[in-house]
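# got a predicted structure here, sequence first:
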Amino acid sequence: MHLSDLFENSPGKKVLLSGNEALARGIYEAGVYYTANYPGTPLSEVGDSLKYLSDKSNNFIFNYSINEKVALESCIGASWAGTRSVVMFKHVGLNVTADPLHTFPYSGIVGGMLILYGDDPGIHSSTNAQDNRLYSHHTKIPILEPATVQECKDFIIEGLKISESFRVPIIIHLTTRLSHSHGILLLGKVAEIQKQGFFERDPDRYINTLNRALTNQKKYFKKIIEIETDKKLSHLFNNIRQIKNKKNNKIGIITSGICYSYVIEACYKLRIDPPILKLGLIYPINKDCIYDFVNQFELKSLLIFEELEPFIETVVRQILCYEYNKKDIKIHGKEFLPNIGELNTEIIIKFISKYFNIQNTKILTDINQKEEIIDKIIFNLPIREPTFCPGCPYRPVFYILKKTIERIKNESGIEFIFSGDISCATLSEAYPFQLLDWVVCMGASIGIANGMVKVIDPTKQKIIAFMGDSTFYHCGIPPIIEAIKNNLDYTIILFNNYWTAMTGHQEHVGTPKSIIKDPNKDTFEISLEKIIKSLNLKNFITTTAYNLEKLEKIFYENLQKKGIKVIVINEECALEKSRRTKREKTKSELHKNQYVYYTISSSCNKCNECIEFFGCPAINIKYDKEINHEGVMKNKNDLVYYIDESMCLSDVCPGICKYVCKNGMILKTIIKHNRDNI
C-alpha cells in the first residue's frame, strides 16, 4: 500500500495493513493534531508514516525529536493546550522518559494523550527485553493492549476518548509481532482536527511541589480506581469467547495482546473449545470481570498466557485468592511457560495439551518431530554475521582502525579497549573487525569509558569509544562534556552520517537542510562539528571516511597522544546518499550520466584481503562450474571471486575495495551512456 492510500478518507473500505500502519491510521482517524517520537523498532514505521502525513498536510504535525523525553514532554505541552497528541517509541525509550512519566499524570491532560511503546520480548533489535507493563505499578498509567491489527486502530480512537473522559494519559502496549503482523482493516471516518490550542492557567494543578503534588496524587489515584471499576470500559475492551457447552469446561484461559491470537490458533488446531477471556484493558484490571468469568463457567483452573513477566497472572492471583477468597482455583502460567523470549502457537499447544483431553494427538507428534529436525538443521547452519551495508563509510574506518591498533600494539604493547554504543558502529562486533567489547545503551559508550579510564593503567590499556551522530544529540553531549572537562585520557570516534540510520534512515536535528526531503522547512541547521569546536578541545580532528591513507595517519598519530581526543568522521550514510542522488537526478543529467563498475580480475591470486579483512558484502565467491563440473572443490583455483553489481553502490562509494586489494586485482570500469530516450 502506498502511504497516500493509508491516509485517504474512505470509511467502510477494507485494506490489508500492518499493525504499525493501523496505528498510524488510527491516529489519523482520531483527529490527532500533534505527534512526536524518537525512532526505534518495532514502532519506527508509525513515525515514518506520520512524517509523510505531516509533510503533505497543514492539519497535522509530526516531529522527530532529539530523544524520547523531549518527545513526551512536547506531547504533554500540546495536550495541556487542548489538542490531541500521541508519542511513540520502543520499550527502552520509556526509560528515557521516566522522570516526566511519573509526575505529569498528577496534573492530568486536557486534549487526549496516548503513549505508544513497543516491547521486544524476542530481543530482535534491542539490548534487553524489559517488560514495560511493570511501569504501571508505579506510574499508575492505564494500559490498553490490542490483540489484532483492527484493534491497533480501534484502541487508538477509544483510548483517546478514555483519556479525555478521565483526564489521564493512556498507554498503548505493542509487541514486535503485532507491530509487524498484517491483517484486514476496516477504515473508519476521519474526525475533524482541533488545530488551535489555548492553555488555561491553573497553578494548583500544574505545579507539582509539596502539598500541591500530594493533593494531585490523591486525585490521580482516585481516577485510576474509577477506571478499574468502570463496567462500561470492561465490556468495551475485555471480551469472552463464547463456547457451546459451558458445563463441560472447567478450565478457562486468560490472555491479552498477540498471545490471544496464538491461543485461538492453538485451540483450533487441538479441536478444543475452552472459555477464553481476552483482556484489552490490562491495567488496571477490573476485578469483577475476572470474578464473573470464573463464576460464569464454574471454572476450577485458569491458564494464563502472556509474554515475559507474570504481570496478569500476579494480578489474577491477588484478585481471586486474596480479595474473593477463591483459593481453590488452580492458576497456571509462568511455572511452565518461559519468561524469556516470545511465545508462539506451538509453545501454547504443548502447554494446553497437559490440561485438556486432546483428540488431535497427531499435532503433538508433528511438533516434536519438527523441533528435532529444526535442532539438527540449526546446528549445521552457518551463522549469519551482522555486517555493514555495501559502500558503508563505517567499513573503511574500522578496516584501517584494526590495522593501526595492531601496529601500535606490536610497537608498544598497548592493548586497546573498544566501548560500543547503539549505532551502526555496533556492527563492528562481528567478523572481520571484532572491535567491540561492550554495548549497553545509548550514550553508555562514553559514560562507561569516563569511569573505566580513571582506573586502568594507561601504559598497558587505552580506550576508544564509538558513538553515532543521532546518539550524540540524543544523550551523548553530557558525557562528552564531562570527558572534555576532565581531559580524560582516551579517544572518542564520532560517526557523523547525518541520519538515524540504524532504525530506518530518519532525519534528526543534525541532518543538514541541503539533504533533507523538505529543505524549505523553516529550521536552523545544527552542526555536530561546531558544537565540539565550541568546547575548545585541543585534540579535535575531522575527516572523511574513504581516504585510507589519511585515516591511517590520523589514527596512528592521535591514538597514542595523552588526554581526550575526539575524531569526527563526516560521511553521509551510503544507502541514503545513493537513494537521494537517484531521486535528485534530472532527465538531462541522466543523459550525461556515467556508470562505474568494479570487477575482480581472473588473475586474482585469492589472498582474501577483500573478504577476510575488509568484508564488503558485494564481494562474493562462487564455484567455477566449468572447472569443477562435479560440484566438488579440489583446490582454491576452483573458486571465482566476483563483485555483485546489484549490491555494489558504485555511485557513492569511491571503490575502497580497489585500494584495499594489495595486488591490484580489482578493476574500475567507466561506461558513459548517451541515450536519446530515457
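Received, thanks. Numbers count the residues shown, from 1 in each chain.
# contacts, neighbours, all on C-alpha from now
Noted.
# surely residue 473 and residue 509 touch.
Yes. Taking contacts as CA atoms under 8 Å, residue 473 lies within contact range of residue 509: 7.5 Å.
# what's the overlap in contacts for these two?
Here residue 473 and residue 509 have residue 66 as joint contacts, going by CA atoms under 8 Å, 6 or more residues apart in numbering.
# who has more neighbours out of these two?
A direct count of neighbours by other CA atoms under 10 Å for residue 473 and residue 509 places residue 509 higher, at 22 against 19.
# reduced to three states, what does residue 641 come out as?
Counting by DSSP: H, G, I helix; E, B strand; the rest coil, the backbone at residue 641 sits in strand.
# in this protein, what helix or strand scores lowest on average pLDDT?
When each helix and strand of the chain is scored by mean pLDDT, DSSP states H and E, helix 587-591 comes last, with a mean of 51.
# what's the following helix or strand after the helix or strand that contains residue 104?
Taking DSSP states H and E as the definition, residue 104 sits inside helix 98-107. Later in the chain than helix 98-107, the nearest helix or strand by DSSP H and E is strand 113-119.
# for that following strand, name the packing helices and strands.
helix 68-80, strand 85-90, helix 149-166, strand 170-175, helix 176-180 (3 or more CA pairs under 8 Å, 6 or more residues apart in numbering; DSSP states H and E).
# nearest to residue 487, of these?
For residue 487, the closest of the helices and strands packed on strand 113-119 is helix 68-80, at 29.1 Å, according to CA to CA.
# just how off-centre is the closest one within its chain?
Taking CA atoms, centre = their mean, to the nearest Å, one finds helix 68-80 lying 20 Å from the centre of the chain it belongs to.
# show me the helices in the stretch 501-650 of the chain, by range?
Assigned by DSSP state H, counting those that start in this stretch, the helices in the stretch 501-650 of the chain fall at 528-533, 548-558, 574-584, 587-591.
# run through the stretch 151-300 of the chain and note the low-pLDDT ranges.
Scanning the stretch 151-300 of the chain for pLDDT under 70 picks out 244-248.
# what ranges do the strands span in it?
170-175, 182-186, 239-241, 251-256, 276-279, 281-283 (DSSP state E, counting those that start in this stretch).
# nearest to residue 208, of these?
strand 170-175 (20.0 Å).
# and that closest one, how far out from the chain middle?
15 Å.
# repeat that for stretch 406-415.
On CA atoms, centre = their mean, the centre of stretch 406-415 falls 38 Å from the chain's centre.
# walk me through the domains of the chain.
3-229, 235-362, 394-517+524-578, 585-672 (automatic domain parsing).
# please identify the most buried of those domains.
domain 3-229 (a mean of 20; mean count of other CA atoms under 10 Å).
# tell me the contacts of residue 489?
Neighbouring residues of residue 489 by CA under 8 Å, 6+ apart: 453, 458, 462, 562, 563, 564, 565.
# in TSV, list the residues you listed along with distance to residue 606 and pLDDT.
Output for these, formatted as TSV (distance: CA to CA, whole Å; pLDDT from 0 to 100):
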residue	distance to residue 606	pLDDT
453	41	95
458	40	93
462	35	96
562	40	95
563	42	96
564	41	97
565	38	97
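# can you tell me the closest non-neighbouring residue to residue 101?
residue 139 (7.0 Å; CA to CA, 6 or more residues apart in numbering).
# just to revisit the earlier point, which one of the helices of the stretch 501-650 of the chain lies closest to residue 438?
That would be helix 548-558 among those, by CA to CA, at 21.3 Å.
# and the closest one, what does it pack against?
By 3+ CA pairs under 8 Å, 6+ apart, helix 548-558 packs against helix 394-412.
# tilt between the helix or strand following the helix it packs on and helix 394-412?
The element immediately downstream of helix 394-412 (helix or strand, assigned by DSSP H and E) is strand 415-419. Strand 415-419 and helix 394-412 are oriented at 150 degrees to each other (axes from the mean of the first three to the mean of the last three CA atoms, to 10 degrees).
# tell me the mean pLDDT for strand 415-419?
Averaging pLDDT along strand 415-419 gives 96.
# what sits up against that strand?
Counting by CA under 8 Å, 6+ apart, residues outside strand 415-419 touching it are 405, 409, 435-439, 445-446, 448-449, 460-466.
# at 10 Å instead, please
With CA atoms under 10 Å, 6 or more residues apart in numbering as the contact definition, strand 415-419 has outside contacts at 405-406, 408-409, 426, 428-429, 434-440, 444-449, 453, 458-467, 490-492, 559.
# would you mind measuring from the residue nearest to residue 529 when sequence neighbours are not counted to residue 532?
Counting by CA to CA, 6+ apart, residue 529 lies nearest to residue 568, which is 7.4 Å off, once chain neighbours are set aside. For residue 568, the distance to residue 532 equals 9 Å [CA to CA, to the nearest Å].
# can you work out which residues contact both of the two?
residue 540.
# can you list contacts of the helix holding residue 104?
So helix 98-107 is contacted by 68-70, 72-73, 76, 80, 94-95, 115, 135-136, 138-141, 167-170, 202-208, 212-221 (CA under 10 Å, 6+ apart).
# also stretch 124-132?
40-42, 90-92, 94-95, 117-123, 173, 176, 307-311, 340-342, 422, 439-441, 502-503.
# next one: it to chain centre, how far?
On CA atoms, centre = their mean, the centre of stretch 124-132 falls 9 Å from that of its chain.
# check contacts around the closest residue to residue 408 other than its chain neighbours.
Distance criterion CA to CA, 6+ apart; nearest residue to residue 408, sequence neighbours excluded, is residue 414 at 6.9 Å. With contacts defined as CA under 10 Å, 6+ apart, residue 414 is in contact with 405, 406, 407, 408, 457, 458, 459, 460, 461, 462, 560.
# let's see that with 8 Å instead.
Applying CA under 8 Å, 6+ apart, the residues contacting residue 414 are 408, 459, 460, 461, 462.
# do residue 154 as well
residue 26.
# cool, residue 659 as well?
Residue 659 neighbours (CA under 8 Å, 6+ apart): none.
# tell me if it really is in a strand.
No. Counting by three-state DSSP, residue 659 is not part of a strand but helix.
# how close does it sit to residue 199?
For residue 659, the distance to residue 199 - CA to CA - is 61 Å.
# same question, residue 74
Counting by CA to CA, the gap from residue 74 to residue 199 is 14 Å.
# first-to-last residue distance for stretch 542-560?
Terminal-residue distance, stretch 542-560 (CA to CA): 17 Å.
# and what of stretch 542-562?
From start residue to end residue, stretch 542-562 stretches across 18 Å - CA to CA.
# show me what residue 35 is bridged to.
residue 62, residue 86 (DSSP bridges).
# which residues touch it?
50, 61, 62, 63, 75, 85, 86, 87.
# residue contacts, the fourth one?
It stands for residue 63. So residue 63 contacts 35, 36, 37, 51, 71 (CA under 8 Å, 6+ apart).
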